[in-house]
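**Q** Fold the following and give me the result.
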Amino acid sequence: MAPMKGLTVFIADLRKCRSNEEEERRVNKELANIRTKFKDPNLSGYNRKKYVCKLIYMSLLGYDINFGHREAVELISSSKYSEKQIGYLAVSLLLIENDDYARSVLSALRRDMHDPNEWIVCLALNAISNITIQRMAEILTEDIVVQLLSPAASVFTKKKAALCLLRLLRKFPDAVNAQRWAARIVPYLGHRDIGVTLAAASLVTALAQQFPDDTRKAASFAIRRLKSLVVDNEYPTDYVYYKVPAPWLQIKLLRLLQYYPAPESPELRSLLLSILRHIIDISQDVPRELQQMDAQYSILFEAINLGIHLDIDQGLMRECALLLGRFITSRETNVRYLGLETMAHLAAYIDTLEPVKAYQGVIIRSLRDRDVSVRRRALDLLYSMCDVDNARVIVSELLRHMAVSDAALREEMALKVAILTEKFATEYSWYVDVMMRLVSLAGDHMGDEVWHRIVQVILANEELQLYACKISLQTLKAPVCHESAFKVSAYVLGEFGHLIANTPDCAPVDQLKALQAKMGATSQAARAVALTTVGKFINLFPEIKTLCLRVLDRYRSALDAELQQRACEYYALGTVESEDLLPTVFEEMPPFPERQSALMSRLLKREADTEDQRTWVFGGREINRERKLQKPGNVSGGESTEDLDDAAARAQQLSDSDVQNSALLAAGGSGNEQAEAEDAGLTPEEHERVAKSKRHYARLLWESDGILYDGDEIQVGIVAQYKPPAGRIGVFLGNKSTAPICDIQVLVKSDSALAVQQATQDTPGSLLPLAQARLFFDVTCTRVFTTAPTLRVSYTVAGAPTVSELQLPVTMGHFIDPVTIPVGDFFARWKQLGDADIKEAQSVLRTPFLSDAAAVQWLRSVVGGMGFALIQGADPEPDNIVGVGIATTEVGGRFGCLLRVEPKPAHGLTRVTIRATSPDVARVIATNISMVFESR
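**A** Residues are numbered from 1 along each chain as shown. Below is the predicted model:
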């Protein structure tokens, strides 16, 4: 692109500014000049490009740019590449959700996606990747898939399309509907061009984490491609990096295989084992150059991780342990880091920990490494390799290092010490001693989960309670007592202090004095626990009741509401003349029910996933064995090399008719997306089908049964019954074709606030001509939701697979119960909601059909069908309709809804206003009514 003198001068002026004020004055001056220039109807393309570049630069400097969108769209429509490039760059930076020009940009993108010039297509793909608008992702995904699968697309375009799909999948996983096209991407792992394979490998790896069943053949393709690279040495010289063939592709394929179990086919299993051994053998030769060493070691560590994951050869596992032992003693920090992390993976899967324990001393010394990341990996490895035999040594070393470790590592170390101590404790005294020392050392760096868990363990083990009481009292009598240790001690003495009441220096008054001595220096939360303990002392030790009441009386006037309430209530309980009340209220806590440790849950949450999710977790064999049982099914072993090559060839030869059918399905699959269908360039017959589906959907928003989708091959009907916050949806599938429908699969995807569960156990596998099947789904509204669930129906007719995605008519409006109120109360509540500054949802709709009594009665039926009780005579205008209802959710509570419909037949308009205690509920109801009116 040729330099633009005006832009160069402007950038130079900004760099010469000596203050922010001077720069801002220069920017404002330029903005005013650009606004003036944009008003010129004869503005040339070069000048338009120059001024848009200035806006881009000012936006990058942090200035708010709220104009220039139209000019950017005009640049996109230009036939010159340089102008189109700047236009797409501006749109990527300046366009926001719900922008007025979004539709124009969408049309330009769709046009450029099918341009014969591959550079224009790639510009559009780059722009789609960078524009953060979900609506565009929903509409354009199918076009991107077409570019990737089209045999006419160039290699460069295919790479761009694969990476664009990957970006959209990561940014909008629910919008791209990846399950529809995931299986069609897999054969591109065998593409003749390594660049396309590399891009496809990244995409398939992301798909494998979400749809393992749809991508199960990816393992076979990856093994064959690795064989050609590693064993057969078949690769172009352009992809050799310091004598290592395509290292990035090898790493991606090895990582992809870790999302699948070992192949069942003996041929593939043997081939995979030979590949891993070949990689390990190559690594024995020490590379001379640093870049070659980095590439080889990266492949080696990924191969070791794959070998550990598959666990198909114990000899290979022992060989991996020896290699890792060499790496963790390396002088290179990166090599030590990777060695420790991979050995932790080995410890999480290997049957015996002896090969790992041989390096225990080296691993412990790594806790003192200068690099904090190496220290963290050493901690993870010690945590994974710990068992009953070495638990005391590892825990004591971790406690010793905790006192000098940095704050970033101390919380994680404390969690792991607590878990290991509970898991491998063989003596009750050792558990109590370690945990009390732990909360004293690291109490400031860990949450309440640790001391909560200590209390749970003590309550559940009767043999532990006596010793815990003695240690708790000693802790309170010590000169320094950490707040977490104070909470544990106070709680334990309140529950089991009577067990040591007859021991010397442990009398009830000694316990109360020790508690009271430390109580004043603790936080309000700790004092609240101590007040509960004092209340329990009144029940346990009547002889010190007067002293306990004196302590409680002191806090009855505390400034903190929690402390004051506890003190007042406990004081009242202690002074009530009743023999049964006090023992009943302060009865000893029962053991907590068995459940997953909160410490383990918190530790797992700390392991943040990267773009590619980890296939294992730190913590030993048990937890990883449970995860392994949930992995996808085994790789099919019945595919030969010829079968895989044929599948790859079929992917290259995708016919244009298949591409068009896929695009048509995306546009016509949902009955309420007419706007997208209009942009898709559909035929009049297809427009009519989409409009018909929209009418069906709108009718089911206020009626309980009807047709949802009426296609050439299949018909979908709905029967619904609601009892808020629950309901049952019946889905009826009818075969309208003259051939049997096979391989039927029905799936419902919903928002997390709407629980959907299939009530009928089995989905029919096939339907004969003119036959019908029915399925039932139970729905529960847990919280307010704004997105209707999606019904995905896939089937095969005459060998042609088809997928239909329909939006189920299940909205917040279906969980409204009618409520009748007095006529005079309606507008009082209406005004109350208005004064509460609750945003109402209001729309003015065109209703030319409201010209006779029958149409007005239909309008009343719609309001009543949406769950509102009609209040006759409440509105001074007799033609107006008002209604009252309550939306009910299982967890989020109930929300009152008031509705007012004001029809104006003379003008052909109707105003609909909804006021509710939840703005989302009001918006959903307003949208439903608008759809019903538009479909009329």
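
**Q** Quick check: mean pLDDT of the helix or strand containing residue 13?
**A** Here residue 13 sits within helix 5-16, counting by DSSP states H and E. The pLDDT scores in helix 5-16 average 88.

**Q** tell me which residues in the helix or strand just after that helix are buried?
**A** Going down the chain from helix 5-16, the next helix or strand is helix 20-38, by DSSP H and E. Residues of helix 20-38 classed as buried by neighbour count (16 or more other Cβ atoms under 10 Å): 23, 27, 30, 31, 34, 38. Heads up, the C-betas are built off the backbone N, CA and C, glycines and all.

**Q** what's the angle between helix 20-38 and helix 5-16?
**A** Helix 20-38 runs at 160 degrees relative to helix 5-16, counting by axes from the mean of the first three to the mean of the last three Cα atoms, to 10 degrees.

**Q** What is helix 20-38 packed up against?
**A** On a contact count with 3 or more Cβ pairs under 8 Å, 6 or more residues apart in numbering; DSSP states H and E, helix 20-38 meets helix 5-16, helix 45-60.

**Q** any idea how far the longest one is from the chain center?
**A** For helix 45-60, the separation from the chain centroid amounts to 37 Å (computed by Cα atoms, centre = their mean, to the nearest Å).

**Q** Check the shortest one too.
**A** Centre-to-centre, helix 5-16 and its host chain are 44 Å apart (Cα atoms, centre = their mean).

**Q** Can you work out which other helices and strands pack against it?
**A** Going by 3+ Cβ pairs under 8 Å, 6+ apart, helix 5-16 lies up against helix 20-38, helix 45-60.

**Q** export the last one as PDB, just CAs?
**A** Which is helix 45-60. Provided in PDB are the C-alpha atoms of helix 45-60 (Å, rounded to 0.1, in the frame of the first residue of the first chain):
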ATOM      1  CA  GLY A  45     -11.900   6.900  -2.600                       C
ATOM      2  CA  TYR A  46      -8.300   7.800  -1.800                       C
ATOM      3  CA  ASN A  47      -9.300  10.600   0.500                       C
ATOM      4  CA  ARG A  48     -12.000   8.500   2.100                       C
ATOM      5  CA  LYS A  49      -9.400   5.900   2.800                       C
ATOM      6  CA  LYS A  50      -7.000   8.400   4.200                       C
ATOM      7  CA  TYR A  51      -9.500   9.900   6.600                       C
ATOM      8  CA  VAL A  52     -10.700   6.500   7.800                       C
ATOM      9  CA  CYS A  53      -7.100   5.600   8.500                       C
ATOM     10  CA  LYS A  54      -6.800   8.700  10.700                       C
ATOM     11  CA  LEU A  55      -9.900   7.600  12.600                       C
ATOM     12  CA  ILE A  56      -8.400   4.100  13.000                       C
ATOM     13  CA  TYR A  57      -5.200   5.600  14.400                       C
ATOM     14  CA  MET A  58      -7.100   7.900  16.800                       C
ATOM     15  CA  SER A  59      -9.100   4.900  18.000                       C
ATOM     16  CA  LEU A  60      -5.900   2.900  18.700                       C
END
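
**Q** and the next helix-or-strand element following that helix, which residues are buried?
**A** Next helix or strand after helix 45-60 toward the C-terminus (DSSP H and E): helix 69-76. Within helix 69-76, the residues scored as buried using 16+ other Cβ under 10 Å are 69, 71, 72, 73, 74, 75, 76.

**Q** Nearest to residue 822, out of those: which one, please.
**A** When the buried residues of helix 69-76 are compared for distance to residue 822 (Cβ to Cβ), residue 69 wins out at 52.3 Å.

**Q** Spatially, what comes nearest to the closest one if we skip its sequence neighbours?
**A** On the basis of Cβ to Cβ, 6 or more residues apart in numbering, the spatially nearest residue to residue 69 that is not a chain neighbour turns out to be residue 101, at 4.7 Å.

**Q** residues near the nearest residue to residue 373 once chain neighbours are set aside, how many?
**A** Among residues not flanking residue 373 along the chain, residue 337 sits closest, at 5.8 Å (Cβ to Cβ, 6+ apart). Residue 337 is flanked by 22 other residues according to other Cβ atoms under 10 Å.

**Q** Now name the helix or strand holding residue 337.
**A** Residue 337 belongs to helix 333-347, assigned by DSSP H and E.

**Q** Show me what the next helix or strand after that helix is in contact with.
**A** Once helix 333-347 ends, the next helix or strand along the chain (criterion: DSSP H and E) is helix 354-357. Residues outside helix 354-357 that contact it (Cβ atoms under 8 Å, 6 or more residues apart in numbering) are 317, 318, 321, 322, 343, 346, 347, 350, 381, 385, 390.

**Q** and the helix or strand hosting residue 326, what's its mean pLDDT?
**A** Taking DSSP H and E as the criterion, residue 326 maps to helix 314-327. For helix 314-327, the mean per-residue pLDDT is 81.

**Q** so what does that helix touch, helix or strand wise?
**A** Using 3+ Cβ pairs under 8 Å, 6+ apart: helix 314-327 touches helix 266-283, helix 290-310, helix 333-347, helix 354-357.

**Q** Looking at those, which is nearest to residue 196?
**A** Taking Cβ to Cβ, helix 290-310 is the member of the helices and strands packed on helix 314-327 nearest to residue 196, at 20.6 Å.

**Q** hmm, back to that, relative to residue 703, which of the helices and strands packed on helix 314-327 is closest?
**A** helix 290-310 (53.1 Å).
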